[in-house]
Every structure is written in structure tokens, then in C-alpha cells.
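Participant: okay, here's the prediction I keep looking at, along with the sequence it came from:
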Amino acid sequence: MKTIAAVLQLKPQGSVAENLLHAQSLLHEAAEAGAQLAVLPENFAYYGQADFLAAGRAESDDSGPVRQFLARQAKQHGLWLVGGTLPVAESKPRSFARCYVFSPQAEAVGHYDKIHLFDADVASQEGKSAYRESDDFSAGELVKTVPTELGVLGLTVCYDLRFAELFRRLANLGAEIITVPSAFTAITGEAHWQVLLRARAIENQLFVLGANMVDRCHETRGLWGGSAIIDPWGNVLASLDDQPGIAVAEIDLDLIGQHRSKMPTAQHRKLI
């Protein structure tokens with residue numbers, strides 16, 4: 001079974017409206033390139049906003065502006081759309097970083113709340129930047145897959161990429177394509193982004209789609225970019241460097257079975 005997939009790479013703009021216009025343009029480009037599945041980056045609409053709780057309250061039901069945007073875009077372009085993340089406030093004092101999956105009929109068929117929150121001190125030549133996602137977000141708890149007509153999607157977000165056990169759990173649940181909407185920093189991204197994408201694909205013998213924000217030259221909060229589509233052998237099928245755009249590749253799910261039959265690592269596991 002073959003699918004055309006696209007990962008979108010966006011540079012943060014000055015407002016939510018500008019971010020949505022940028023995303024709309026790239027989604028149109030992806031659809032024109034034949035994509036049936038598209039993945040947006042983490043926090044693509046609200047990146048840089050000051051109040052994620054207020055944004056999360058606005059997105060707490062179907063009338064949320066970004067949720068409506070994603071539903072419209074999925075239907076307009078006939079796409080299965082992994083909508084990056086957006087803040088969604090529920091019962092907890094902070095929003096969840098939530099990734100919705102929309103069908104080509106504009107239905108939200110599943111969602112995932114980011115489990116691993118990025119609380120870290122990232123050193124660079126200019127100094128040290130402290131990231132505390134837990135100040136703005138609550139951590140999710142549930143591992144999520146979403147069955148689609150294109151294959152079974154496994155949902156992760158950004159910092160999740162460093163936790164191999166999550167990807168193994170998704171593979172055990174039948175995921176064939178794992179999506180990684182991200183806003184990986186320029187420092188950590190240069191060192192680890194692509195090698196981690198490839199490692200997760202190789203370890204689990206499946207496809208990994210990483211869609212990242214980009215702004216490498218930002219003076220305090222650089223974003224790496226480098227969005228990529230990786231096959232079960234770890235090959236980079238398509239990728240971007242440091243500019244906004246799309247990367248498109250054909251995904252052949254038959255490759256998963258071929259690789260697993262030749263090298264049945266799941267059957268050889270000794271430690272579970």
C-alpha cells in the first residue's frame with residue numbers, strides 16, 4: 001500500500017493569523033504535490049504567544065479557531081491531516097499540548113496529548129536558555145494510535161522523540177507511520193534531531209515523519225528545522241534544511257513487512 005506523505009516546515013510569524021496563512025499556503029502546496037497525508041509542526045499557530053491558557057480555553061471545543069482551520073484545510077484538500085499541536089484547556093490548571101488527526105471529511109478522528117514536557121537548560125555559545133514547558137502545559141498520559149485508510153498512525157510530539165519506549169509501545173500497538181510534530185531547538189536539533197528520527201524508524205522498522213519549526217538564527221530561541229521522512233531502514237526519503245517549505249515522499253507500507261521478515265528483531269527481543 002502506497003501513500004504520498006508531506007511534512008511541513010514553518011517559520012514563526014508575528015500573529016496567529018499570519019501563522020495560519022503560512023500553514024494554508026504550504027498545505028495547498030502539499031496537496032498540489034499529491035499528498036494524501038500531511039503533518040504540521042508542533043505549536044505551529046500559537047508559537048511565541050504569551051498566554052497558552054487563554055489560547056487553550058479558546059480551543060477547548062469544536063469552535064476553536066485553529067481547530068476549525070485544521071478541519072477546513074483537511075476537507076478542502078482531501079487530506080489526512082496531523083495538525084501539529086495546539087493548546088487545549090480542560091479540567092487541569094494548564095493546557096494540554098494536543099495533536100489532532102483530521103480526516104478528509106473534516107472529522108477529528110483522534111488526538112494525543114504530549115506526554116514528555118521539555119524542561120531543560122540548553123547551552124550555546126551565546127549563553128544558556130531555560131525551557132520549562134511544564135509552566136504552561138499539563139502532561140498527557142495516554143499512548144495513542146489512530147487507524148486510517150492510509151495505515152495506522154502513531155502519535156508523538158517533539159521531546160517524545162528522546163523516549164524510545166514510547167515508540168516501541170506504539171509499534172506494539174500496530175503503528176506503521178509515527179508522526180513527530182516538533183519545535184526542536186537549534187542546538188539540540190543540530191546534534192540529535194535527524195539521528196533520533198532515524199533511530200526510532202530503524203528500531204521499530206516503520207516510517208517516521210518529523211515536521212519541525214525553523215528559525216535557526218533567532219537570537220534566543222533558535223529552531224532547527226530539518227524536517228524529514230524516514231523509511232523502516234533508516235533512509236531519508238525527503239528532507240528540508242533551514243527554510244520553510246514541504247518535503248514529500250512516497251510511503252510504501254509493504255516495506256515494513258519486508259524488513260521485518262528479513263530481520264525479525266521483534267521476535268528476537270530478550271528484554272521487554
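Facilitator: Right, received. Where do you want to start?
Participant: only C-alpha atoms from now on, for both contacts and neighbour counts.
Facilitator: Fine.
Participant: ok, Met263 - how many residues close by?
Facilitator: 12 (other Cα atoms under 10 Å).
Participant: oh, that last question was meant for Val88, not what I typed.
Facilitator: 26.
Participant: how about the contacts made by the nearest residue to it once chain neighbours are set aside?
Facilitator: Leaving aside its sequence neighbours, Val88 sits nearest to Gly56 (Cα to Cα, 6 or more residues apart in numbering; 3.9 Å). Contacts for Gly56 (Cα atoms under 8 Å, 6 or more residues apart in numbering) come out as Leu86, Pro87, Val88, Ala89, Ser95, Phe96.
Participant: and with 10 Å instead?
Facilitator: Gly56 makes contacts with 46, 64, 86-90, 94-98, 137, as judged by Cα atoms under 10 Å, 6 or more residues apart in numbering.
Participant: how about Val82, phi and psi?
Facilitator: phi -90, psi 110 (degrees, to the nearest 10).
Participant: repeat that for Phe96.
Facilitator: According to degrees, to the nearest 10, Phe96 has phi -90, psi 150.
Participant: secondary structure element holding the residue nearest to Val88?
Facilitator: Using DSSP states H and E, Gly56 sits in helix 52-58.
Participant: avg pLDDT for that helix?
Facilitator: Helix 52-58 shows a mean pLDDT of 95.
Participant: check stretch 259-269 too.
Facilitator: If you average the pLDDT values across stretch 259-269, you get 96.
Participant: check which residues of that stretch are buried.
Facilitator: Buried residues in stretch 259-269, counting neighbours by 16 or more other Cα atoms under 10 Å, are found at His259, Arg260.
Participant: for it, which outside residues touch it?
Facilitator: Stretch 259-269 is touched from outside by 168, 171-172, 202-206, 232-233, 255, 257-258, with contacts defined as Cα under 10 Å, 6+ apart.
Participant: could I get the CA-only coordinates of that stretch as CSV?
Facilitator: What follows is stretch 259-269, C-alpha atoms only, in CSV (Å, rounded to 0.1, in the frame of the first residue of the first chain):
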residue,chain,number,x,y,z
HIS,A,259,12.1,-5.6,6.5
ARG,A,260,10.5,-7.4,9.5
SER,A,261,10.5,-10.7,7.7
LYS,A,262,14.2,-10.4,6.7
MET,A,263,15.3,-9.1,10.1
PRO,A,264,12.7,-10.2,12.7
THR,A,265,14.0,-8.1,15.6
ALA,A,266,10.7,-8.1,17.4
GLN,A,267,10.8,-11.9,17.7
HIS,A,268,14.4,-11.7,18.9
ARG,A,269,13.8,-9.5,21.9
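Participant: check what pLDDT the closest residue to Thr220 other than its chain neighbours gets.
Facilitator: Computed as Cα to Cα, 6+ apart, the closest residue to Thr220 that is not its neighbour in sequence is Ser129, at 7.2 Å. Ser129 is assigned 81 on the pLDDT scale.
Participant: dump the residue contacts of Ser129.
Facilitator: Ala120, Asp121, Val122, Ala123, Thr220, Arg221.
Participant: what's across from it in the sheet?
Facilitator: Beta bridges link Ser129 to Val122, judged by DSSP bridges.
Participant: and the helices in the stretch 51-200 of the chain?
Facilitator: 52-58, 65-77, 164-172, 186-188, 194-204 (DSSP state H, counting those that start in this stretch).
Participant: hang on, isn't Gly174 packed against Gln205?
Facilitator: No - between Gly174 and Gln205 there is no contact under Cα atoms under 10 Å: 11.4 Å.
Participant: and of the helices of the stretch 51-200 of the chain, who's closest to Ala38?
Facilitator: Proximity to Ala38 (Cα to Cα) singles out helix 65-77 among the helices of the stretch 51-200 of the chain, at 9.0 Å.
Participant: the closest one: how far from the chain's middle?
Facilitator: 17 Å (Cα atoms, centre = their mean, to the nearest Å).
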